[in-house]
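*Asks:* quick one, fold the following:
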Amino acid sequence: MVAGGAETAVDGVMERGLRQGRMGWKGGIFSGGMMSLIKKLGHRYNTLRKDNEVPAKSSIQPGEMKQPKQKKNDPTDIYILVHGLGGRPGDLSYLQRCLKRQNPTAIVHLARCNSASPLMTFDGVRKGGQRLSEEIKTLVASYPSLTRISLVGNSLGGIYCRYAMGLLYDHRKGRIAGLKPHKFLTTATPHLGVGIYGYMGAIPPFLQKFAAQTLVGTTIRELLLLDDDKSPLLAQLSGVSVSPGSLPFMKALASFKERCAYANAVNDFMVAYKTAHPSGPLDSGQNLGSEIGSDIGSDIGSGIVSRKFLPGSERGGNMSVGSHLIKDRRHLMHVMSRSLTSLPWHQVTVEFPGPLPLAHNKICALERDPLQTWLNSGGRPVVEDQAKWLADAHDC
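*Replies:* Numbering: from 1, shown residues only. So this is what the prediction gives:
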């Protein structure tokens, strides 16, 4: 309104001045002063007009727009936290909070794709891994500033992660979902399956096979290594008996800067120590008690009793096993272990002593309701340790 009024006033003054000049006013000095005033008003008029002009539409097409510069607090790291069998996203809430404290600008996402119902996790690793890969792709696309990705899986969630990374891996660029693979961490994940060691080993093999064929879902058959006589899925994930059209599971796993597995020494009723650590079967039945007492150091009271770094070796990698040996699950687990440990791994052993086998949920400080949160709170120091390793605050 002010600018418009000023333009009108300037127009009126200029018009009167010019009209009076044409009428032939006498007095050169007065006429020169009037013309000087008119020139000044004209300059002011042009200035006001430019200030109030509506800019012309840009001729730059949307695709030609320059990318905005990354702001200081834009997230560059994303952590995907994946729950286990029959789990819920909130199971790993404590780890999420710990990671946010360690890396405030990071995206720490609790995966939701396999939690529509508890039975959803029983329809097989393939389906669960595919759902997870789609969720990751959608999430990454929402944050263009991201550069690194880390995957964290609890129990079955670690197997889901290993399948999803095979789907998301770009072998030409060495990227996972277009991002640089950074850390991969699992807690009580049955990398080598279940059914031979621990509590599950107490069930006779013929009952396991009967249950796998008649009672349980696809996921349990896969974890028991009874889903395929020629090439069980977990064997494929480990680079054993790989068919020509298989996904690059081992290459995707190798693309991560570091890998770390946390395993319970005792009291895990679902996943035994020897299958949660990639090197488990190769430990030749070593006495865990001696290992527990050998490397405690500053971790007394935290639940962590041993740390080990496996440097990797050239052995393994897309190994073939005869069909007659695949049926020998103990032998197959050893071959899978040799293949997985061809890559470097950090292995952390934890212990939650007591009369009840609650370690499987304590290792992730599972939170679901007030009672379970309290029962599993003893695992919080271990989860805090996991968060520090994921955030590069310390080495395993």
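*Asks:* give me the element the residue nearest the centre of the chain is part of.
*Replies:* The centroid of the chain falls nearest to I80 when counting by Cα atoms, centre = their mean (2.6 Å). Per DSSP states H and E: I80 is located in strand 77-82.
*Asks:* ok, now E222?
*Replies:* Following DSSP H and E, one finds E222 within helix 218-223.
*Asks:* same check, this time on D385
*Replies:* Judged by DSSP H and E, D385 forms part of helix 380-390.
*Asks:* what's that helix packed up against?
*Replies:* helix 93-102, strand 148-154, strand 180-187, strand 258-264, strand 304-310, strand 345-350 (3 or more Cβ pairs under 8 Å, 6 or more residues apart in numbering; DSSP states H and E). All C-beta spots, glycine's among them, are computed from the backbone N, C-alpha and C.
*Asks:* save these as CSV, and put in mean neighbour count, mean pLDDT and distance to L85 too.
*Replies:* Formatted as CSV, the helices and strands packed on helix 380-390 follow (neighbours: other Cβ atoms under 10 Å; pLDDT from 0 to 100; distance: least, Cβ to Cβ, whole Å):
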stretch, mean neighbour count, mean pLDDT, distance to L85
helix 93-102, 20, 97, 18
strand 148-154, 26, 98, 10
strand 180-187, 24, 98, 13
strand 258-264, 25, 97, 16
strand 304-310, 18, 93, 25
strand 345-350, 22, 96, 20
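*Asks:* quick revisit: the residue nearest to the centre of the chain contacts H109, correct?
*Replies:* Yes. Between I80 and H109 a contact is recorded at 5.5 Å, counting by Cβ atoms under 8 Å.
*Asks:* overlap in contacts of the two?
*Replies:* Shared contacts of I80 and H109 (Cβ atoms under 8 Å, 6 or more residues apart in numbering): L139.
*Asks:* any buried residues in the helix holding E222, and which?
*Replies:* Judged by neighbour count using 16 or more other Cβ atoms under 10 Å, the buried positions of helix 218-223 are T218, T219, I220, R221, E222, L223.
*Asks:* with distance to Q213 as added columns, please give the helices and strands packed on helix 380-390 in CSV.
*Replies:* Formatted as CSV, the helices and strands packed on helix 380-390 follow (distance: least, Cβ to Cβ, whole Å):
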stretch, distance to Q213
helix 93-102, 36
strand 148-154, 27
strand 180-187, 28
strand 258-264, 29
strand 304-310, 36
strand 345-350, 34
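*Asks:* among these, which is nearest R368?
*Replies:* Smallest distance to R368 across those (Cβ to Cβ): 9.1 Å, for helix 93-102.
*Asks:* got a list of contacts for the closest one?
*Replies:* So helix 93-102 is contacted by 79, 81, 106, 108, 110, 152, 364-365, 367, 380, 383-384, 386-388, 390-391, 393 (Cβ under 8 Å, 6+ apart).
*Asks:* low pLDDT regions in the protein?
*Replies:* 1-72, 283-301, 314-327, 393-396 (pLDDT under 70).
*Asks:* what about the helices in the stretch 251-396 of the chain?
*Replies:* 273-276, 288-292, 323-326, 329-340, 359-362, 370-375, 380-390 (DSSP state H, counting those that start in this stretch).
*Asks:* picking up where we left off before, need the CA coordinates for the helix holding D385. CSV is fine.
*Replies:* The C-alpha coordinates for helix 380-390 follow below in CSV (Å, rounded to 0.1, in the frame of the first residue of the first chain):
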residue,chain,number,x,y,z
ARG,A,380,21.1,-52.9,30.1
PRO,A,381,24.9,-52.6,30.6
VAL,A,382,25.4,-55.1,27.7
VAL,A,383,23.1,-53.0,25.5
GLU,A,384,25.0,-49.9,26.4
ASP,A,385,28.1,-51.6,25.3
GLN,A,386,26.5,-52.5,22.0
ALA,A,387,25.5,-48.9,21.4
LYS,A,388,29.1,-47.7,22.1
TRP,A,389,30.5,-50.1,19.5
LEU,A,390,27.9,-49.2,16.9
